[in-house]
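Just the structure for this:
(chains A and B, ligands or ions: 2)
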Amino acid sequence: MNRRKNSEAERLNFWEKLYIPEIAKGLGLTFSYMFRPKFTRQYPEERFEPTGSYRGRPVLVLEEDGERCVACGLCSRVCPALAIEVQAAETEKEKERYPEKFEINMLRCIFCGFCEEVCPEEAIVMSKDYDLVFETKKDAIYGKDKLLVPIAELQDRLEFLRQYK
Amino acid sequence: MNEISWILIEAGVKALIIIGMMLLVAAASVYVERKVSAFIQLRIGPNRVGPFGLLQPFADVFKLFLKEDIIPAAADRWFHRIAPVISLGVAFAVYAVIPFADYIVIDDKIIQFGIAPDVNIGILFILALTSVGVYGITLAGWSSNNKYSLLGGLRSSAQMISYELSMGLALVSVILITGSLSLTDIVRDQAGWRWNIFIQPLGFIIFLVSSFAETNRAPFDLPEAEPELVGGFNTEYSGMKFGMFFLAEYANMATASALIAMLYLGGWQLPFPPEWLGLQPHTLAMALAQFAFLVIKVAVLIFFFIWVRWSIPRFRYDQLMNLGWKVLLPLAIVNILITAVVLYILK
Ligand code: SF4
Ligand code: SF4
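Ligands and ions are numbered 1, 2, ... in the order given. Below is the predicted model of the structure:
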């Protein structure tokens, strides 16, 4: 029988058992917290500026001579949420193929970044865009008009990928 | 018109004023509650609706009005409907006997600040009504036909009965000192810094802790302990009926604060001789000053209620019962004994 008692009565000393001094201490602490600087960010006015490692909505890279995507369909294949639909078409250029239709359903996308990882051309990358708003399910399907983003705006992410991918 | 109807009209007008005041106080305490909790947790709190978010409580009430009012199919419709009415009605009814200031004399006519502040059973009336208040919560829990609601309701009745005892016994000491059950007499007796908190420090603490339990406020908010009971007694309520429980909670808090102020903090007594401000007794200016100081005292106490809620975690059920029966009750009895002996010797 060497079971040690560990009841509440045993652990606390007399003053702690009285509750009142301990409660007063706790109240003092919370009172002092009332005057500390606040953490809250006032969202629409004060925006969060993500760094290159941030995974916002996936976008297609647009270079001076057109999009990079060669419509290989790998991103569509790998996407765990089945959010991407690509339809390829031929061109006269040396690249030969381009996506006639490229759609990402933003209601399905889970921002995993697999599409970016698998793309052989670094044509689809995650952007910093995080406030996605739409009113209907149709609006949530982003076509090429919304997906294509000039390469200049994606430098942070491309830099990040070059370093860590 | 005969005298009775005049009295009825007077009481009706006063009741309307008091109810309006209570609704404002409830709205203000909701706002203060949200702000204080935010500040303690290093947040900012509501700041979008109106300047500094001051209109937030009104937006909340408006939202509740627009919500669908759902009565569960298996609920007892009749009791489900009247439970929130009981809760809120009782919270308001207590104000019938609370004196907001000393009476004033205008053209040899005595005007009371309060509906019936002079009744000689003031404290008994309040104790009786707060006991009825528990029916609101218990009926809400029972009539919802939901196990969590029922548990919340049962807890609330057990808790209220346990703590009413020590609350009543703490009051007995105050009554022994004053020799009257009327709140006006008790307040008058505390003139000139002879506040009961200094004469009855132990009784004050007992009463304070018990009123936390009576109003179901944290750390004794077991009837609505979210982590274990979903929402407690009001799980099955929605729309404005939920709003009424919500309002009743804050009205009860204001009632408890007013009672503590009356019984222990000198009620409407000024904390300095009224001559300093050149005030004559029983004039309107005097009554307004007294009312202002009562409001200040109540506001400080409401802030204290809120501050405690965001500082101290909820008690376990057995701890709650232990504290009520094994600590507060014996202490209250000892307190009565000491008070009685001292009073006997002094006489
Ligand atoms: S981020 Fe993930 S879920 Fe979204 S489109 Fe790319 S692969 Fe699909
Ligand atoms: S974005 Fe990349 S992976 Fe997807 S189809 Fe175009 S080239 Fe292939």
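
Which secondary structure elements does the helix ranked longest in chain A sit against?
Determined from DSSP state H, the single longest helix within chain A is helix A:20-33. If you count contacts as 3 or more CB pairs under 8 Å, 6 or more residues apart in numbering or on different chains; DSSP states H and E, helix A:20-33 packs onto helix A:14-17, helix B:3-40, helix B:284-309. Every C-beta, even on glycine, is put in place using the N, C-alpha and C of the backbone.

Show me the one of those that comes nearest ligand 1.
Distance to ligand 1, taken as CB to the nearest ligand atom, is lowest for helix B:3-40 among the helices and strands packed on helix A:20-33, at 35.1 Å.

just checking, what packs against the closest one?
helix A:20-33, helix B:56-66, helix B:77-93, helix B:239-264, helix B:284-309.

name the element A:I104 belongs to?
strand A:97-105 (DSSP states H and E).

what's in contact with that strand?
A:57-58, A:60, A:66-67, A:69-72, A:83-91, A:140-144, A:147 (CB atoms under 8 Å, 6 or more residues apart in numbering or on different chains).

Neighbouring strands - and their directions - for that strand?
Here strand A:97-105 is paired, per DSSP bridges, with strand A:84-90 (antiparallel), strand A:141-142 (antiparallel).

do the shortest one and ligand 2 meet at all?
Translated: strand A:141-142. No. Judged by CB under 6 Å from any ligand atom, strand A:141-142 and ligand 2 are separated, with a smallest distance of 13.4 Å.

Could you export the helices and strands packed on helix A:20-33 as a markdown table, including mean neighbour count?
Output for the helices and strands packed on helix A:20-33, formatted as a markdown table (neighbours: other CB atoms under 10 Å in any protein chain shown):
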| stretch | mean neighbour count |
| --- | --- |
| helix A:14-17 | 10 |
| helix B:3-40 | 16 |
| helix B:284-309 | 18 |
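
the strands in chain A, which residues?
For chain A, applying DSSP state E gives strands covering A:58-63, A:66-67, A:84-90, A:97-105, A:124-126, A:141-142, A:148-150.

before we move on, the earlier item: got TSV for the helices and strands packed on helix A:20-33, with distance to ligand 1 and mean pLDDT too?
Shown next, in TSV, are the helices and strands packed on helix A:20-33 (distance: least, CB to the nearest ligand atom, whole Å; pLDDT from 0 to 100):
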stretch	distance to ligand 1	mean pLDDT
helix A:14-17	53	71
helix B:3-40	35	85
helix B:284-309	43	86
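
quick revisit: single out the most deeply packed of the strands of chain A.
strand A:124-126 (a mean of 24; mean count of other CB atoms under 10 Å in any protein chain shown).

hmm, that one in reach of ligand 1?
No. On the criterion CB under 6 Å from any ligand atom, strand A:124-126 is out of touch with ligand 1, staying 6.8 Å away.

Give me the sheet partners of that strand and which way each runs.
Strand A:124-126 pairs in its sheet with strand A:58-63 (antiparallel), by DSSP bridges.

got the contact list for the partner strand?
Applying CB under 8 Å, 6+ apart, the external contacts of strand A:58-63 come out as A:67-69, A:102, A:104, A:109, A:111, A:113, A:115-116, A:122-127, A:129, A:144, A:147-151, A:154, A:158.

now swap in stretch A:87-95 and tell me
Contacts to stretch A:87-95, defined as CB under 8 Å, 6+ apart, come from residues A:V70, A:A71, A:C72, A:G73, A:E96, A:R97, A:Y98, A:P99, A:E100, A:K101, A:F102.

how does it look with 10 Å?
Applying CB atoms under 10 Å, 6 or more residues apart in numbering or on different chains, the contact partners of stretch A:87-95 are A:65-73, A:76, A:96-103, A:121.

who touches B:H80 in this structure?
Counted by CB under 10 Å, 6+ apart, B:H80 has contacts B:I71, B:P72, B:L139, B:A140, B:W142, B:S143, B:S144, B:N145, B:E236, B:Y237, B:K241.

any weak-confidence spans in chain A?
Scanning chain A for pLDDT under 70 picks out A:1-10, A:95.

Any residues of it in contact with ligand 1? List them.
Within chain A, the positions lying close to ligand 1 (CB under 6 Å from any ligand atom) are A:58, A:79-81, A:83-84, A:104, A:109-115.

Distance-wise, check the closest residue to ligand 1 within the stretch 1-150 of chain B relative to A:L107.
Nearest residue of the stretch 1-150 of chain B to ligand 1: B:R43, at 31.8 Å (CB to the nearest ligand atom). Distance, B:R43 to A:L107, using CB to CB, to the nearest Å: 31 Å.

still on that earlier bit, now rank the residues of chain A next to ligand 1 by neighbours and give me the top one.
The most neighbours of any of the residues of chain A next to ligand 1, using other CB atoms under 10 Å in any protein chain shown, belong to A:I104, which has 28 neighbours.
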